[in-house]
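Asker: Structure here, sequence nowhere to be found:
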């Protein structure tokens, strides 16, 4: 496997190259920072899941910014490890997120799903179905773009093999 890297510089003292994978991707960080405030809601598309975070990008006005969702910012209800993140965040899936912080030192944006889910909770409607993935722990949790919650009734066996199911807000 080969990685494409951008050479940022050379350190003579240690005979070391400074490289970046991130800077190969379009990253309109400054424009995004000017156009969005903290806690702004944006649509993020999943690039990949790593050990501690989900790498995403957000498109805006024909531009694009690179960012991430730390695993601790995915859910308020259950612990998210690399395996769970990989299940919930397949490459290409789109989720809404809040802007948590601007990381000027790395020109990336940290996004939060937790903040977004807490913000939209009061706007969820009764009787409306929401597409979710089921996360099986000691309890069963439902997790989707606009909703997360604990499933209180029995889950039919066929739901265990589906990736997306529908739930109602109680």
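Answerer: Arrived safely, thanks for sending. What you are looking at is a predicted structure, and each value in this text was computed from that prediction instead of being measured.

Asker: tell me the contacts of residue 43?
Answerer: Counting by Cβ atoms under 8 Å, 6 or more residues apart in numbering, residue 43 makes contact with 58-59, 94-97. For the C-beta atoms, the positions are set from N, CA and C on the backbone; glycine is no exception.

Asker: go again using 6 Å as the cut-off
Answerer: For residue 43, the contact set (Cβ atoms under 6 Å, 6 or more residues apart in numbering) comprises 94, 96.

Asker: what's downstream of the helix or strand it falls within, the next helix or strand?
Answerer: Following DSSP states H and E, one finds residue 43 within strand 41-49. Later in the chain than strand 41-49, the nearest helix or strand by DSSP H and E is strand 53-60.

Asker: Strand partners (parallel or antiparallel) of that following strand?
Answerer: Sheet pairing here is set by DSSP bridges, and for strand 53-60 it gives strand 41-49 (antiparallel), strand 63-70 (antiparallel).

Asker: Adding mean pLDDT and distance to residue 15 as columns, could you present those in CSV?
Answerer: Formatted as CSV, the strands paired with strand 53-60 follow (pLDDT from 0 to 100; distance: least, Cβ to Cβ, whole Å):
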stretch, mean pLDDT, distance to residue 15
strand 41-49, 96, 31
strand 63-70, 95, 30
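
Asker: tell me which residues of the strand holding residue 43 are tucked away?
Answerer: Buried residues in strand 41-49, counting neighbours by 16 or more other Cβ atoms under 10 Å, are found at 42, 44, 46-47, 49.

Asker: Make CSV from those and add distance to residue 136 to it.
Answerer: Output for the buried residues of strand 41-49, formatted as CSV (distance: Cβ to Cβ, whole Å):
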residue, distance to residue 136
42, 30
44, 25
46, 21
47, 26
49, 19
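
Asker: Go through the residues you listed and say which is closest to residue 115.
Answerer: The nearest member of those to residue 115, counting by Cβ to Cβ, is residue 42 at 11.7 Å.

Asker: Can you check the pLDDT for the nearest residue to that closest one once chain neighbours are set aside?
Answerer: Spatial nearest neighbour of residue 42, chain neighbours left out: residue 58 (4.5 Å); criterion: Cβ to Cβ, 6 or more residues apart in numbering. pLDDT, residue 58: 95.

Asker: Identify all residues paired with the spatially most central residue of the chain through a beta bridge.
Answerer: Centroid-nearest residue in the chain, with Cα atoms, centre = their mean: residue 69, separated by 4.5 Å. Going by DSSP bridges, residue 69 is paired in beta bridges with residue 54, residue 111.

Asker: Residue 135 too?
Answerer: residue 141.

Asker: Mind pulling up the pLDDT for it?
Answerer: For residue 135, the pLDDT comes out at 88.
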